[in-house]
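> Sequence isn't available, so here's the structure alone:
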């Protein structure tokens, strides 16, 4: 049924328009038959904002979220461009429902707070609009993490800012409004500077954040989940990714709702900075928080994991701005701490594998063959074995007559492995025997390491 041309419907809709027009809508809405539902923001201004954001004119096949949809003009416009649109807001806007009916729209309208958004509830989206909302939320960084988690490609974020291009402020800071200091509204909580707005978006997990405009107390940024494509003719060789581990536990298992960081260790002959680092998990780019060269050609990069990473195995790789991608390593996220990989050694009665050979043992702090018993030290065993697919459950280090807790198992390539374990707390001076076995092998021949407790 063509409601737009149905006389009975039009008469009824005109009655709705007269009733709702007595109240002021937020967006001006264009209804069928040339009817206009007036709002605070005119259509020209709404259209100009979308043009400034450079949102594609053809969104066919794209899924889009309008977070903070208000009266819904953006939702209907993006649907007109071919998108499958979900519109959410924390309160119900009657004019959006009226326009949805009048336009025979298929916009999926939901009443949700930003804190309720997650891939499990609304899914994920090619594009997300987050316009004029950030300063209304009590936890701005958490809200941006929610937005990042549901974005597959690009989010467009606009906010009130305390500076602008006309009066720039180089401070990376936010004002906090305890009550109604900003505009007399009790739900205006924060006023970031433009620089702070960009930093918040990066910290939330977006690797590429570009300023679109900052003028008249409003700033808009384009936030991309992915790095730019690798160079077609790389000037540098790809890095070699050694390991990706949890900064707290030194293993490759991560836990939800904990403030854990990804530490990726790699080799590269390039001079690397935060700006030239390109770290990814499952294809999503991650901003580097710190990059350091521990020794010539050996590097470490630290980053947060992508927000709301689902339980399971995930692929980590990296490159520089001038290289192709490295090899891949795997990390695991678990739904709760007790689901982590068991730390106990899982021995087998079938000892059919060749006996491993220890190539070297050393202190991870200074790469010497002397242990001092410091808290940050780990015993590193470099082993050659024909076995594949080793992990913490399938290798064992014996230190004299005791078994050590293996924290990390690294495939160095060429049948060589690095196995790191905690140093005994009650380290005694002198020479100690170190041996290694796998779940399917006998113990290796012992190799000596010296202990000189400080």
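Alright, I've got the coordinates. All of these numbers come straight from a predicted model, not from anything done at the bench.
> drop to CA atoms for contacts and neighbour counts, all remaining ones
OK.
> so for the strand or helix carrying residue 317, what's the average pLDDT?
Applying DSSP states H and E as the criterion places residue 317 in strand 312-320. Across strand 312-320, pLDDT averages out at 94.
> Note down every partner strand of that strand and its orientation.
Counting by DSSP bridges, the strands paired with strand 312-320 are strand 277-281 (antiparallel), strand 329-333 (antiparallel).
> helices or strands next to the next helix or strand after the first one in the packing?
If you walk from strand 277-281 toward the C-terminus, the next helix or strand you reach (DSSP H and E) is strand 284-286. With contacts taken as 3 or more CA pairs under 8 Å, 6 or more residues apart in numbering; DSSP states H and E, strand 284-286 sits against strand 277-281.
> Other residues contacting the strand it packs on?
Outside strand 277-281, the residues that touch it by CA atoms under 8 Å, 6 or more residues apart in numbering are 227, 285-288, 305-306, 314-321.
> Closest one of those residues to residue 82?
Nearest to residue 82 among those is residue 227, at 26.0 Å by CA to CA.
> so where's the stretch 1-150 of the chain shaky on pLDDT?
Scanning the stretch 1-150 of the chain for pLDDT under 70 picks out the ranges 1-23.
> hey, where'd the strands end up in the stretch 201-350 of the chain?
For the stretch 201-350 of the chain, the strands defined by DSSP state E, counting those that start in this stretch cover 208-215, 218-224, 240-246, 253-254, 261-267, 277-281, 284-286, 290-295, 298-304, 312-320, 329-333.
> would you turn these into a markdown table with mean neighbour count?
Below are these laid out as a markdown table (neighbours: other CA atoms under 10 Å):
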| stretch | mean neighbour count |
| --- | --- |
| strand 208-215 | 18 |
| strand 218-224 | 24 |
| strand 240-246 | 23 |
| strand 253-254 | 24 |
| strand 261-267 | 21 |
| strand 277-281 | 22 |
| strand 284-286 | 23 |
| strand 290-295 | 14 |
| strand 298-304 | 20 |
| strand 312-320 | 20 |
| strand 329-333 | 19 |
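> Of all the ones you listed, which one is nearest residue 148?
Between those, strand 218-224 lies closest to residue 148; by CA to CA that is 8.6 Å.
> what is the orientation angle of that closest one with strand 208-215?
With axes from the mean of the first three to the mean of the last three CA atoms, to 10 degrees defining the directions, strand 218-224 sits at 160 degrees from strand 208-215.
> re the thing from before, export the strands of the stretch 201-350 of the chain as TSV, with columns for distance to residue 46.
Rendered in TSV, the data for those read as follows (distance: least, CA to CA, whole Å):
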stretch	distance to residue 46
strand 208-215	15
strand 218-224	14
strand 240-246	45
strand 253-254	43
strand 261-267	40
strand 277-281	35
strand 284-286	31
strand 290-295	40
strand 298-304	35
strand 312-320	39
strand 329-333	42
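> so which of those gets nearest residue 444?
The nearest among those, by CA to CA, is strand 240-246 at 23.8 Å.
> and the closest one, what does it pack onto?
Here strand 240-246 touches strand 253-254, strand 261-267, strand 312-320, strand 329-333, strand 406-413, going by 3+ CA pairs under 8 Å, 6+ apart.
> Now do the longest one: everything it contacts.
Strand 312-320 has contacts (CA under 8 Å, 6+ apart) with 238-239, 241, 244, 272, 276-282, 325-334.
> before we move on, the earlier item: which of the helices and strands packed on strand 240-246 sits closest to residue 346?
Nearest of those (CA to CA): strand 406-413, 12.2 Å.
> In that closest one, which of the residues would be classed as buried?
Buried residues in strand 406-413, counted by 16 or more other CA atoms under 10 Å: 406-412.
> Give me the pLDDT value at residue 247.
pLDDT, residue 247: 89.
> Kindly state the beta-bridge partners for the nearest residue to it once chain neighbours are set aside.
Nearest non-adjacent residue to residue 247, counting by CA to CA, 6 or more residues apart in numbering: residue 261, 5.4 Å away. Note on residue 261: beta-bridge partners residue 304, judged by DSSP bridges.
> what does residue 383 give?
What pairs with residue 383, by the bridge criterion (DSSP bridges), is residue 358, residue 417.
> What is the neighbour count of it?
21 (other CA atoms under 10 Å).
> likewise residue 447?
Residues near residue 447, counting by other CA under 10 Å, number 18.
> now the strands for the stretch 351-454 of the chain?
Under DSSP E, counting those that start in this stretch, the stretch 351-454 of the chain gives strands at 357-363, 370-371, 378-384, 395-399, 402-403, 406-413, 416-422, 430-438, 447-451.
> follow-up on the earlier one: how about a markdown table for the buried residues of strand 406-413, with distance to residue 62 and pLDDT added?
Output for those, formatted as a markdown table (distance: CA to CA, whole Å; pLDDT from 0 to 100):
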| residue | distance to residue 62 | pLDDT |
| --- | --- | --- |
| 406 | 46 | 87 |
| 407 | 43 | 82 |
| 408 | 41 | 81 |
| 409 | 41 | 85 |
| 410 | 40 | 81 |
| 411 | 40 | 80 |
| 412 | 41 | 79 |
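> Distance to residue 71 for those residues - can I get that in JSON lines?
Shown next, in JSON lines, are these (distance: CA to CA, whole Å):
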{"residue": "406", "distance to residue 71": "57"}
{"residue": "407", "distance to residue 71": "54"}
{"residue": "408", "distance to residue 71": "53"}
{"residue": "409", "distance to residue 71": "55"}
{"residue": "410", "distance to residue 71": "54"}
{"residue": "411", "distance to residue 71": "55"}
{"residue": "412", "distance to residue 71": "57"}
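> confidence score at residue 392?
82.
> which residues does it contact?
343, 345, 406-409.
> Also residue 216?
Here residue 216 is in contact with 163-164, 166 (criterion: CA under 8 Å, 6+ apart).
> could you flag which of those residues are buried?
Buried among the contacts of residue 216 by 16+ other CA under 10 Å: 163-164.
> Nearest to residue 153 among the contacts of residue 216?
Using CA to CA, residue 164 is the member of those that lies nearest residue 153, at 27.0 Å.
> Wait, the closest one touches residue 219, no?
Yes - taking CA atoms under 8 Å as the definition, residue 164 is a contact partner of residue 219 at 7.4 Å.
> all helices for this structure, in order.
7-21, 43-53, 73-80, 94-102, 119-122, 140-149, 194-203 (DSSP state H).
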